[in-house]
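>>> Show me how the following folds:
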Amino acid sequence: MKKSELLIAAILVPVDALMLVLSGIAVYHLRFNNAWIVGLRPVLSTIDSATYFRGILLVALVGIIVFAFGGLYAIRVTRSLREEAVRIAYACATLLVLVILFLFFSRQIFLSRFLILGFLIISTVLVLFGRLCIRSVERQLFRRGFMAHRVVVIGSGETTKALTREFAWHPELGFRVAANINQSDLRIGERLEELNKKDLIDEVLVAEQPHDARVWEAIFAFVDAHQRILKYAADVTQRRQTRRDMTVIGTIPVVEFKRTRLEGWGSMAKRFFDIVGAGVLLIIAAPVMIVAALCIKLDSRGPVFWSALDNAQPVERIGQEGKRFRYLKFRTMRPQTHALRYGALQIKNTRADGPLVKVKNDPRVTRVGRFLRRYSIDELPELFLVLMGSMSLVGPRPHFPEEVAHYHATQRRVLTVKPGMSGLSQISGRSDLPFEEEVRLDMYYIENWSILLDLWILLKTPFIVFKGKAV
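This next block holds a predicted model:
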């Protein structure tokens with residue numbers, strides 16, 4: 001999901017709200033200040049303009065919620081003008097029904113049929129007009145090559161040719177063909193990797209049915225490993241997926257695999273949740289962090305935070321989409337001993353089931369460090385990383401680059417979202433779970449994310465942390 005798409009979707013919200021407010025103001029002036037309408041139908045009762053304006057602001061706020069539930073803020077959904085107008089009319093009608101119900105149950109005496117009917121017509125027109133203006137700007141940007149999705153089309157038949165023509169003739173759709181690969185090419189995985197290294201892929205679109213199962217496996221392995229969008233022309237595959245969206249390009253139905261609910265508005269909601277949650281938790285945890293910092297300094301020489309490796313290079317972890325980010329936490333080991341985990345201590349690794357390295361009764365850990373690790377206090381500085389946007393409050397565990405380098409393609413799917421301070425795997429077995437089980441739990445979280453699931457994980461985390469863990 002491109003940031004530009006989120007920006008366009010986010011702009012729709014204030015524009016829709018403005019159009020609803022302008023609709024309310026327009027219909028008010030038409031009813032009470034237009035001489036022709038007043039002469040045709042005299043005003044029998046009026047309403048204070050200030051009170052009316054406050055009511056319109058509330059109606060606009062409720063309208064945004066109704067529009068959201070009506071699917072009017074879905075990211076990158078291509079609809080015809082007629083479909084958009086019908087959806088807007090339905091949403092505005094629903095909004096008016098809610099207003100009428102509110103007036104009825106609150107026993108409001110003033111109720112003008114002209115205001116209600118006029119608002120329905122004007123709001124539908126103005127909201128559609130506002131959206132057409134935004135879409136027009138978006139299409140002009142697409143025509144000039146901005147924000148367009150770079151698509152690798154898999155196929156060599158008529159469907160491929162039709163899609164390629166649609167993309168070429170209609171750049172305002174926002175797609176640009178970066179490459180075309182034959183569906184029978186057994187080196188398709190290598191071809192995709194080469195294009196990815198050149199940063200030429202946003203989406204993979206399978207237009208023709210690959211007859212060799214190895215081609216499908218290579219495609220799925222690539223999109224899983226690199227978190228790319230996968231679409232296919234309808235009915236080219238029967239592979240089961242939990243989340244799919246249908247769109248139409250020209251006259252051809254196309255299905256998009258949805259990797260997670262954390263796309264579009266979901267990512268924005270989670271980011272807001274992270275900022276508020278991390279801010280509150282930092283205030284609550286500040287006394288604990290101050291005491292921990294003092295104890296670290298008194299217990300052993302070295303910095304309070306662990307943010308640099310033995311060679312003075314910054315500590316990095318792998319984040320969303322495989323990108324590296326600077327990492328820090330409270331120091332729990334003696335300085336200059338990190339590299340031993342891949343040297344003399346490798347034989348004591350208790351996580352030989354996967355790419356991770358964990359040493360039980362680690363001799364590098366200080367006395368204070370052992371306590372901090374047992375109750376995960378050493379990870380509290382990650383709250384700063386959450387505020388910075390590198391991590392999330394809830395998500396898969398952040399791992400070292402050298403660990404992620406040994407992930408299988410399917411295991412790299414956990415990189416679809418930001419790593420988290422806590423997660424399903426953390427509350428289900430701390431660091432003692434087999435790696436495959438950890439990945440399975442993380443994938444369940446990615447595919448079934450919701451704010452309520454995040455809240456449940458965060459509420460359960462303290463009870464797990466207070467039990468302590470073996471270090």
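
>>> May I see the buried residues of stretch 6-25?
By 16 or more other CB atoms under 10 Å, the buried positions in stretch 6-25 come out as 6, 8-9, 12, 15-17, 19-24. Where C-beta positions appear, they are placed from N, C-alpha and C, glycine not excepted.

>>> got it, and stretch 388-396?
390-396.

>>> out of the residues you listed, what pair is the most spread apart?
Spanning the widest gap among those are 390 and 394, at 14.3 Å by CB to CB.

>>> Who are the packing partners of whatever helix or strand residue 219 lives in?
Residue 219 belongs to helix 213-226 when elements are defined using DSSP states H and E. Using 3 or more CB pairs under 8 Å, 6 or more residues apart in numbering; DSSP states H and E as the contact test, the elements touching helix 213-226 are helix 188-197, strand 203-206, strand 229-233.

>>> quick one: low-confidence parts of the stretch 1-150 of the chain?
1-4, 34-46, 75-80, 107-113 (pLDDT under 70).

>>> ok, residues contacting whichever strand or helix holds residue 151?
In the assignment (DSSP H and E), residue 151 maps to strand 149-154. Contacting residues not belonging to strand 149-154 are listed as 2, 160, 163-164, 167, 174-183, 188, 192, 195, 200-208, 210, 219, 229 [CB atoms under 8 Å, 6 or more residues apart in numbering].

>>> Can you give me the domain assignment for this protein?
Domain ranges of the chain: 3-143, 149-257, 265-466, per automatic domain parsing.

>>> Return the distance of the last one from the chain's centre.
Looking back up the chat, that one is domain 265-466. Chain-centre distance of domain 265-466: 20 Å, with CA atoms, centre = their mean, to the nearest Å.

>>> Now do the end-to-end distance for it.
Separation of the first and last residues of domain 265-466 by CA to CA, to the nearest Å is 34 Å.

>>> next helix or strand past whatever helix or strand residue 165 lives in?
Assigned by DSSP H and E, residue 165 belongs to helix 158-169. Counting by DSSP H and E, the next helix or strand C-terminal to helix 158-169 is strand 175-181.

>>> Just the CA coordinates for that following strand, please, in CSV.
These are the backbone C-alpha positions of strand 175-181, laid out as CSV (Å, rounded to 0.1, in the frame of the first residue of the first chain):
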residue,chain,number,x,y,z
PHE,A,175,-1.0,1.0,-13.4
ARG,A,176,2.2,0.7,-15.5
VAL,A,177,3.4,-2.6,-16.9
ALA,A,178,7.0,-3.1,-15.7
ALA,A,179,7.5,-6.5,-17.3
ASN,A,180,5.7,-9.4,-18.9
ILE,A,181,6.7,-13.0,-18.0
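
>>> Name the nearest residue to residue 366, sequence neighbours excluded.
residue 300 (4.8 Å; CB to CB, 6 or more residues apart in numbering).

>>> thinking that neighbour is in contact with residue 330, fair?
No - using CB atoms under 8 Å, residue 300 is not in contact with residue 330, being 11.9 Å away.

>>> which residues of the stretch 251-400 of the chain score low on pLDDT?
The low-confidence ranges in the stretch 251-400 of the chain, as defined by pLDDT under 70, are 257, 259, 342-357.

>>> my guess is residue 214 contacts residue 187, does it?
No - when contacts are counted by CB under 8 Å, residue 214 is not listed as touching residue 187 (10.4 Å).

>>> Quick check: buried residues in stretch 418-429?
Quick answer for stretch 418-429 (16+ other CB under 10 Å): 418-427.

>>> Of those residues, which is the nearest to residue 361?
Closest approach to residue 361 among the buried residues of stretch 418-429 (CB to CB): residue 426, at 21.3 Å.

>>> That closest one - that's part of a helix, no?
Yes - assessed with DSSP: H, G, I helix; E, B strand; the rest coil, residue 426 lies in a helix.

>>> so what's it up against?
Residue 426 touches 397, 420, 461, 464, counting by CB under 8 Å, 6+ apart.

>>> And for residue 207?
Contacts of residue 207 (CB under 8 Å, 6+ apart): 153-155, 157, 159-160, 163, 183, 232-233, 236.

>>> Which neighbouring elements make contact with the longest helix along the chain?
The residue-count maximum for a helix in the chain (DSSP state H) belongs to helix 265-299. Where contact means 3+ CB pairs under 8 Å, 6+ apart, helix 265-299 is packed against helix 3-33, strand 329-330, helix 367-374, helix 382-388, strand 392-394, helix 451-466.

>>> mind listing what's buried in it?
Buried-residue list, helix 265-299, by 16+ other CB under 10 Å: 265-267, 269-270, 273-274, 277-278, 281-282, 285, 289, 292, 295-296, 299.

>>> and the next element down the chain from that helix?
Assigned by DSSP H and E, the successor of helix 265-299 is strand 305-306.

>>> Quickly run through the sheet partners of that next one, with directions.
strand 329-330 (antiparallel) (DSSP bridges).

>>> For the residue nearest to residue 203 when sequence neighbours are not counted, grab the count of nearby residues.
In this structure, residue 203 finds its nearest non-sequential neighbour in residue 229, 4.2 Å apart by CB to CB, 6+ apart. Neighbour count for residue 229, taken as other CB atoms under 10 Å: 19.

>>> Could you do residue 379 as well?
As a burial measure, residue 379 scores 19 neighbours (other CB under 10 Å).

>>> Quick check: closest non-adjacent residue to it.
Counting by CB to CB, 6+ apart, the residue nearest residue 379 is residue 329, at 5.4 Å.

>>> so who does the one you found touch?
Contacts of residue 329 by CB under 8 Å, 6+ apart are 305-306, 378-382.

>>> Residue 376 and residue 456: what is the separation?
Residue 376 sits 18 Å away from residue 456 when distances are taken as CB to CB, to the nearest Å.

>>> Looking at those two, which is more packed in?
Neighbours per residue (other CB under 10 Å) separate residue 376 from residue 456, with residue 376 holding more: 22 against 14.

>>> wouldn't that one be in contact with residue 465 here?
Yes - assessed by CB under 8 Å, residue 376 is found in contact with residue 465 at 5.1 Å.

>>> in this protein, which residue is closest to the centre?
residue 267 (2.7 Å; CA atoms, centre = their mean).

>>> sorry, back to before: dump the helices and strands packed on helix 265-299 into CSV; add distance to residue 132 as well.
Below are the helices and strands packed on helix 265-299 laid out as CSV (distance: least, CB to CB, whole Å):
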stretch, distance to residue 132
helix 3-33, 11
strand 329-330, 50
helix 367-374, 57
helix 382-388, 38
strand 392-394, 36
helix 451-466, 32
